[in-house]
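1. Need a 3D model of the sequence below.
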Amino acid sequence: MKINFVYTVFLLSSLFTFSQTNFNLEKSKVKWTGKKITNASHWGHINFTKAEITFDGDVISTGNFIVDMTSISVDDISGGGKNRLENHLKDDDFFSVDKFNNAELEILEKSEMIDNKYQVEANLTIKGITNPITFEMTQVDDGSYKALLVFDRSIYDVQYRSGSFFENLGDRLILDDVVLEVNLIK
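-> Numbering: from 1, shown residues only. As a prediction, this is how the structure comes out:
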């Protein structure tokens with residue numbers, strides 16, 4: 001009887017300690033930005049198919065986010081140029097979307113809160129290649145979250161006009177760092 005009571009208290013306390021947050025997949029977005037050596041840039045968005053975080057008290061204990069790479073859009077241009085660039089981003093030169101139609105971020109470590117920002121360590125998988133990534137995430141007043149991630153596309157075998165793979169590209173060079181602005185809306 002005493003063991004059942006202790007187990008029940010433990011179970012109830014763990015229910016209040018851990019909480020999971022699922023986000024609105026239609027409203028939550030990832031904005032990507034890629035830049036050329038000339039400082040010109042393109043940007044667009046990618047849609048989530050999964051977005052959830054589990055909290056242990058006030059810290060993030062786990063999280064899993066999946067984006068649909070087939071949804072990659074170019075939002076800074078229109079018409080034929082937009083269609084050509086979207087299709088090119090889906091080609092093997094960039095993200096090989098036919099072979100790898102999802103990218104995933106998995107939070108593995110408990111986050112640390114510093115200056116009201118979560119310091120998050122995670123694994124990012126693009127084109128079936130997984131690498132660690134660190135970024136900051138903040139909670140907005142309405143309960144949503146924002147994060148800024150920068151990843152090196154060359155370590156995910158995204159080669160097109162990369163100085164990591166090709167020499168003498170001159171002003172045709174596209175920088176390896178890709179910026180992701182993430183808005184997670186409940």
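
2. Which strands border the helix or strand where residue 45 lies, and is each parallel or antiparallel?
-> According to DSSP states H and E, residue 45 maps onto strand 41-56. Strands that pair with strand 41-56, judged by DSSP bridges, come out as strand 18-22 (antiparallel), strand 29-36 (antiparallel), strand 59-68 (antiparallel).

3. quick one: least confident helix or strand in the chain?
-> In the chain, no helix or strand scores lower on mean pLDDT, DSSP states H and E than helix 2-17, which sits at a mean of 44.

4. who does the nearest residue to residue 117 once chain neighbours are set aside bridge with?
-> Spatial nearest neighbour of residue 117, chain neighbours left out: residue 136 (4.6 Å); criterion: CB to CB, 6 or more residues apart in numbering. C-beta coordinates here come from the backbone N, C-alpha and C atoms, glycine included. Note on residue 136: beta-bridge partners by DSSP bridges are residue 119, residue 148.

5. Count the neighbours of residue 136 for me.
-> A count of nearby residues for residue 136, using other CB atoms under 10 Å, gives 15.

6. My read is that it contacts residue 147, right?
-> Yes - Residue 136 lies in contact with residue 147 (CB atoms under 8 Å); the separation is 6.7 Å.

7. Need the residues touching each of the two.
-> residue 120 (CB atoms under 8 Å, 6 or more residues apart in numbering).

8. picking that back up, and of the strands paired with strand 41-56, who's closest to residue 158?
-> Residue 158 sits nearest to strand 29-36 of all the strands paired with strand 41-56, at 9.7 Å, using CB to CB.

9. most centrally placed residue in this protein?
-> The centroid of the chain falls nearest to residue 105 when counting by CA atoms, centre = their mean (5.6 Å).
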